[in-house]
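Novice: Got a predicted structure plus its sequence, pasted below:
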Amino acid sequence: MEEILEILKELDWSPLYISLKTGVVATIFSFFLGIFAARKVLKAGPKFKAVADGILTLPMVLPPTVAGFFLLLLFSRRRPLGIFLFETFDIKIVQTWTGCIIAATVIAFPLMYRNARAAFEQIDVNLIYAARTLGMSEIQIFWKVAVPSAGPGIMSGTILTFARAMGEYGATSMLAGNIPGKTGTISQRIAMVIQDGNYLTAGVWVVIVMLIAFGIIFLMNLLSGRNMKQVKRW
């Protein structure tokens, strides 16, 4: 117990701050992009829907390092897009916190998209028809009828997206690197201390992550007003 307290006193908390900050920003981007993409795909034709769905879901099935490799090729300062961003806007993506956000967003986005799409597919179309008869515009119907009706699915997608973005490792390491105090996340720190053979410090970080994850899920359940029901055993 004394060893754990000593570790906590000397612990560098920057990975926690970076991970939380990255997770929040990536979740915000994924939330709006995922809802927008789900709405567009649902309204598209069968052929376009199949192709778009495959592309948008691809980062979820690819190894994160593969996604990180493509992001590195895309945003490298040796590539056209990377050169353009740096020379025109003085924006550097590789080995920066912006790279952490982009990598986390790309990896976590499919979870938000899939949950939002599934939630929209379960909406009773009679609600949409009723809103149209009341003279509401399509944008009003979407934000005031469709999104609230799909609320539970969107809420679960948001939780999963944040958890995935906060714990992202492979793509973040490829694009943003592991710079202490700048791009070093909790996942990277756990990997580093395990490589050094410091399993006790790694265990402390693991417990911290688990407590945060449990706290977020519990808080979101309170905010959504949905109490967890006991499941009877067989």
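Specialist: Great, that's in hand.

Novice: Every contact and neighbour count from this point should use C-alpha atoms.
Specialist: Fine.

Novice: Please enumerate the helices of the protein.
Specialist: Ranges of helices within the chain are 2-10, 14-43, 46-61, 64-75, 80-89, 97-121, 125-133, 138-141, 147-149, 151-166, 170-176, 186-195, 199-224, based on DSSP state H.

Novice: can you list these in a markdown table and add mean pLDDT and mean neighbour count?
Specialist: Shown next, in a markdown table, are these (pLDDT from 0 to 100; neighbours: other Cα atoms under 10 Å):
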| stretch | mean pLDDT | mean neighbour count |
| --- | --- | --- |
| helix 2-10 | 75 | 11 |
| helix 14-43 | 93 | 20 |
| helix 46-61 | 89 | 14 |
| helix 64-75 | 93 | 19 |
| helix 80-89 | 90 | 14 |
| helix 97-121 | 94 | 25 |
| helix 125-133 | 89 | 13 |
| helix 138-141 | 88 | 14 |
| helix 147-149 | 89 | 16 |
| helix 151-166 | 88 | 23 |
| helix 170-176 | 92 | 26 |
| helix 186-195 | 89 | 18 |
| helix 199-224 | 80 | 14 |
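
Novice: what sits against the spatially closest residue to Thr183 that is not a sequence neighbour?
Specialist: Once flanking residues are discounted, Thr183 sits nearest to Trp97: 5.4 Å by Cα to Cα, 6 or more residues apart in numbering. Residues counted as contacts of Trp97 (Cα atoms under 8 Å, 6 or more residues apart in numbering) are 22, 176, 182-183.

Novice: For this structure, list the residue farthest from the centre, please.
Specialist: Going by Cα atoms, centre = their mean, the residue of the chain most distant from its centre is Thr133, 37.0 Å out.

Novice: how close does that residue get to Leu127?
Specialist: Per Cα to Cα, to the nearest Å, Thr133 is found 10 Å from Leu127.

Novice: one step back: make a markdown table out of the contacts of Trp97 and add distance to Ile4.
Specialist: Shown next, in a markdown table, are those (distance: Cα to Cα, whole Å):
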| residue | distance to Ile4 |
| --- | --- |
| Thr22 | 27 |
| Ala176 | 30 |
| Lys182 | 25 |
| Thr183 | 25 |
